[in-house]
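K.L.:
The following comprises the amino acid sequence and a computationally predicted model.
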Amino acid sequence: MGQFVLFLILMTLGYLFGHYAEKKHYKSINKREKELLKLPVISCKNPIGNKSISHVKLSYGNVVISVDYFKRILASLYNFFGGNIRSYETLLDRARREAILRLKESVTDADQIINLRIETSSIYKGKGNSIGSVEVLAYGTAVYFEKRNQNR
Amino acid sequence: MLMSNIEIIPNKTIVTGFGVVSGSTVRAKHAGRDIMAGLKNIFGGELKGYTELLEESREEAIKRMVSQAEQMGANAIVNVRFSTSSVAAGAAEIYVYGTAVTVE
């Protein structure tokens, strides 16, 4: 009985805090993505536009995000019945977008980031080997174009 | 040390290649961070302790790779790749590798 009560408490806490944290996180991601629109990130090896490059810099951003208790239980239910595990989809979506944002924030003065690579790994294994949290690393080469007025 | 994750350093020519250089670190987090991580596993959200931990070890791995390249006499590393794997519960291995070259 005691265990069941604890389980219910954890479920409720997980749902309330997890829901709140996710909403807040998405809000901040959307806001920062808009602010950083001027710095394009591409996965090609050549920068867009025919400008001469002055220098480059390797840059990266990483984040570790954990899923809450409620969603983990939900995911194990989905595991039983099959279908898309929506709760993990949002977790990975948040993690990737956050990692790319951090990559951008580390080099805000660059003109473009080329050759974006994203690396995902599960760091912390919860009970029963279910994914507890994921680490996402986004890295790329920040390109600085030559300033025109300096050439003249 | 110039670094990029494309095959070239733009605006420079590669003169000599030295082969692959790499650096790795295996880090375990300390107890305080682990307790916080356990709590966060209930509430969800970012595990700041782990994020910092992995960032530190990634910097350390890059430092090791750079010192290896410097020993060879290279002045740039091209085609840098990162990879992460969890070795045991709570310990993570960060591996970074690239090709050491001299550019002009």
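P.N.:
Thanks, I have the structure now.
K.L.:
Do you have the helices of chain B handy? List them.
P.N.:
For chain B, the helices defined by DSSP state H occupy B:31-43, B:48-72.
K.L.:
quick one, phi/psi of whichever residue of chain A sits closest to chain B?
P.N.:
Chain A approaches chain B most closely through A:Asp68 (3.0 Å), counting by Cβ to the nearest Cβ. All C-beta spots, glycine's among them, are computed from the backbone N, C-alpha and C. When read as degrees, to the nearest 10, the backbone of A:Asp68 gives phi -80, psi 170.
K.L.:
Test my guess that it contacts A:Gly14.
P.N.:
Yes - counting by Cβ atoms under 8 Å, A:Asp68 touches A:Gly14, with 4.1 Å between them.
K.L.:
Neighbour count: the two, which is higher?
P.N.:
The neighbour comparison of A:Asp68 against A:Gly14 (other Cβ atoms under 10 Å in any protein chain shown) goes to A:Asp68, with 28 against 22.
K.L.:
about what we covered before: just the helices of chain B: most buried one?
P.N.:
Of all the helices of chain B, helix B:48-72 carries the top mean neighbour count, a mean of 18, counting by mean count of other Cβ atoms under 10 Å in any protein chain shown.
K.L.:
Give me the contact list for that one.
P.N.:
Applying Cβ atoms under 8 Å, 6 or more residues apart in numbering or on different chains, the contact partners of helix B:48-72 are A:60, A:62-64, A:123-124, A:133, A:135, A:137, B:1, B:18-19, B:21-25, B:27, B:29, B:32-33, B:36-37, B:77, B:80, B:82, B:84, B:92, B:94-98, B:100.
K.L.:
Averaged pLDDT, the longest helix that chain A contains. What do you get?
P.N.:
Counting residues, the longest helix found in chain A (DSSP H) is helix A:2-35. Averaged over helix A:2-35, pLDDT sits at 88.
K.L.:
and what of stretch A:117-132?
P.N.:
The average pLDDT for stretch A:117-132 rounds to 69.
K.L.:
Name all residues that make contact with the residue of chain A closest to chain B.
P.N.:
Applying Cβ under 8 Å, 6+ apart, the residues near A:Asp68 are A:14-15, A:17-18, A:21, B:41-45.
K.L.:
ok, which pair from those is furthest apart?
P.N.:
A:Tyr15 and B:Asn41 (14.2 Å; Cβ to Cβ).
K.L.:
For the closest residue to chain A within chain B, which residues are in contact?
P.N.:
As assessed by Cβ to the nearest Cβ, chain A sits closest to B:Gly44 within chain B, at 3.0 Å. B:Gly44 sits next to A:14, A:17-18, A:21-22, A:66-69, A:71 when contact means Cβ under 8 Å, 6+ apart.
K.L.:
Enumerate the residues of chain B near chain A.
P.N.:
Selection of chain B residues close to chain A by Cβ under 8 Å from any Cβ of the partner chain yields B:2-7, B:9-11, B:37, B:40-47, B:50-51, B:54-55, B:58, B:80-86, B:89-90, B:92.
K.L.:
Start and end of stretch A:106-116, how far apart?
P.N.:
In stretch A:106-116, first residue to last residue: 14 Å (Cα to Cα, to the nearest Å).
K.L.:
Distance from that stretch to the middle of the chain?
P.N.:
Between the centre of stretch A:106-116 and the centre of its host chain there is 17 Å, according to Cα atoms, centre = their mean, to the nearest Å.
K.L.:
Would that stretch count as contacting chain B?
P.N.:
Yes - using Cβ under 8 Å from any Cβ, stretch A:106-116 reaches chain B at A:114-115.
K.L.:
Mind listing what's buried along that stretch?
P.N.:
Neighbour counts over stretch A:106-116 (16 or more other Cβ atoms under 10 Å in any protein chain shown) mark A:107, A:110-116 as buried.
K.L.:
Strands - which of the residues you listed land there?
P.N.:
Assignment to strands by DSSP state E places the following of these there: A:112-116.
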